[in-house]
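**Student:** can't give you the sequence, but here's the structure:
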């Protein structure tokens, strides 16, 4: 039987929603019946998910383990971008560490140079481009994509994470913006 000590951070885990609380979803893992919660900010890829749009009590939910909270509970995310990242890379912690080094490498000499060699580069950029538009991750991902090798840009275009315009910006970059 699985217990909380055997659950690794960034692993995927199946849960069932036990209830809705003011702070988010209360869940229990399918295997091991371990208690956990999904904070309201981690329910979807949106900045804010109205309570009326939360998944219903009793629904099965795939989550990514973010860590452990007090009281023997798991902190979880059900954001599609986090689940996609966990499904797309071998080790989320290593991929996110490489991302942070690349994101913070404004000169493009250290972390960014190493990032291009990572087998996870496209998956991590997809994740970062799906972060909120006002976030540091999203803004830096847009800058990094502009510098990306052609193969990476092509991969992101095929998945519709960037436009097919020569500028290689976000999918909506070619649409007129409201003035």
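**Tutor:** Received, thanks. Given the structure is predicted, the values throughout are model-derived calculations rather than measurements.

**Student:** Now do the strands for the chain: every range, in order, please.
**Tutor:** Shown for the chain, the strands assigned by DSSP state E span residues 12-21, 24-29, 35-39, 60-69, 73-77.

**Student:** can you list the residues that contact the last one?
**Tutor:** In this case it means strand 73-77. When contacts are defined by CB atoms under 8 Å, 6 or more residues apart in numbering, strand 73-77 is touched by residues 4, 7, 13, 15, 27, 29, 34-39, 42, 63-69, 83. C-betas here are computed from N, CA, C, even on glycine.

**Student:** sorry, back to before: turn the strands of the chain into TSV, columns for mean pLDDT.
**Tutor:** Below are these laid out as TSV (pLDDT from 0 to 100):
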stretch	mean pLDDT
strand 12-21	98
strand 24-29	98
strand 35-39	97
strand 60-69	96
strand 73-77	97
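
**Student:** Please name the nearest non-neighbouring residue to the residue nearest to the spatial centre of the chain.
**Tutor:** Taking CA atoms, centre = their mean, the centroid of the chain lies closest to residue 82, which sits 2.8 Å from it. Counting by CB to CB, 6 or more residues apart in numbering, residue 82 lies nearest to residue 64, which is 4.6 Å off, once chain neighbours are set aside.

**Student:** List the contacts of the one you found.
**Tutor:** Under the criterion of CB under 8 Å, 6+ apart, the neighbours of residue 64 are 10-13, 76-79, 82-83, 85-86, 92.

**Student:** again, but for residue 139
**Tutor:** When the contact criterion is CB under 8 Å, 6+ apart, the partners of residue 139 are residue 133.

**Student:** Now for residue 144, how many residues are close by?
**Tutor:** 23 (other CB atoms under 10 Å).

**Student:** per-residue confidence at it?
**Tutor:** As summarised for this prediction, residue 144 has a pLDDT of 92.

**Student:** buried ones in stretch 146-160?
**Tutor:** The neighbour-count criterion (16 or more other CB atoms under 10 Å) identifies 148, 152, 153, 155, 156, 157 as the buried residues of stretch 146-160.

**Student:** And for stretch 99-110?
**Tutor:** Within stretch 99-110, the residues that qualify as buried are 99, 102, 103, 105, counting by 16+ other CB under 10 Å.

**Student:** quick one: terminal-to-terminal distance for it?
**Tutor:** Counting by CA to CA, to the nearest Å, you get 12 Å between the two ends of stretch 99-110.

**Student:** got a list of contacts for that stretch?
**Tutor:** 111-115, 124, 127-128, 136-137, 140-141, 144, 147.

**Student:** And for residue 7, nearest residue in space, chain neighbours not counted?
**Tutor:** residue 65 (5.6 Å).

**Student:** How many residues are close by residue 26?
**Tutor:** For residue 26, using other CB under 10 Å, the count is 17.
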